[in-house]
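> make a model of this:
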Amino acid sequence: MAKIYDYSKICDSVKSLDPKIRFAGVINERGRLVAGGMKENVEPLESEKDDEMIFMELALRVKMRKEFDKQLGPVNFALASRQRALAMSFLVNDDILYVVSEPDADYGILPKSILEILES
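Numbering: from 1, shown residues only. Model prediction:
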């Protein structure tokens, strides 16, 4: 049986973890934002239309990664370091917690702290 999560609470906890976090949201398997979003007073890097494309692409990528769970074990988290942002994704049941921070955030500590929130 899948654990029941309070997605809004998780997103709020993640956003308050570090001042460099810009966005924390839960995306469903169809690439739709179902909880959370941009931190207050933060200017988005992309348009809402681009958000939809990013979310759908993320959902597809997560699905494709599951193909290798048998050989490699399930993904704990995935991280993409970009010039303007650090993007992390975590599986939560069949949904995805997507977190975006400033590019200079500590990517050694941040994902572990987020996993602790998900495990608590």
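
> walking through the chain, point out its helices one by one.
With DSSP state H, the ranges of helices along the chain come out as 7-17, 48-65, 69-72, 110-119.

> please identify the most buried of those.
The highest mean neighbour count among the helices of the chain, using mean count of other C-beta atoms under 10 Å, belongs to helix 7-17: a mean of 18. C-beta coordinates here come from the backbone N, C-alpha and C atoms, glycine included.

> to R30, which of the helices of the chain lies closest?
helix 48-65 (6.5 Å; C-beta to C-beta).

> avg pLDDT for that closest one?
Helix 48-65 comes out with an average pLDDT of 91.

> TSV please, covering the helices of the chain and showing distance to V42.
Formatted as TSV, the helices of the chain follow (distance: least, C-beta to C-beta, whole Å):
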stretch	distance to V42
helix 7-17	10
helix 48-65	13
helix 69-72	34
helix 110-119	16
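
> among these, which is nearest D94?
helix 48-65 (9.4 Å).

> what sits up against that closest one?
Residues from elsewhere that reach helix 48-65 (C-beta atoms under 8 Å, 6 or more residues apart in numbering): 27-33, 44, 46, 75, 78, 89, 91, 96, 98.

> mind doing that once more with 6 Å?
If you take C-beta atoms under 6 Å, 6 or more residues apart in numbering as the criterion, helix 48-65 is touched by I27, E29, G31, V75, I96.

> in strands, which of those appear?
Per DSSP state E, strands hold the following members of those: I27, I96.

> now list the buried members of the contacts of helix 48-65.
For the contacts of helix 48-65, a burial check counting by 16 or more other C-beta atoms under 10 Å picks out I27, G31, I96.

> the first one contacts Y98, correct?
Yes. Under the criterion of C-beta atoms under 6 Å, I27 is in contact with Y98, at a separation of 5.3 Å.

> quick revisit: and the least confident of the contacts of helix 48-65?
Least confident entry in these, by pLDDT: E29, with 90.

> what sits against that one?
Counting by C-beta under 6 Å, 6+ apart, E29 touches A59, D94.
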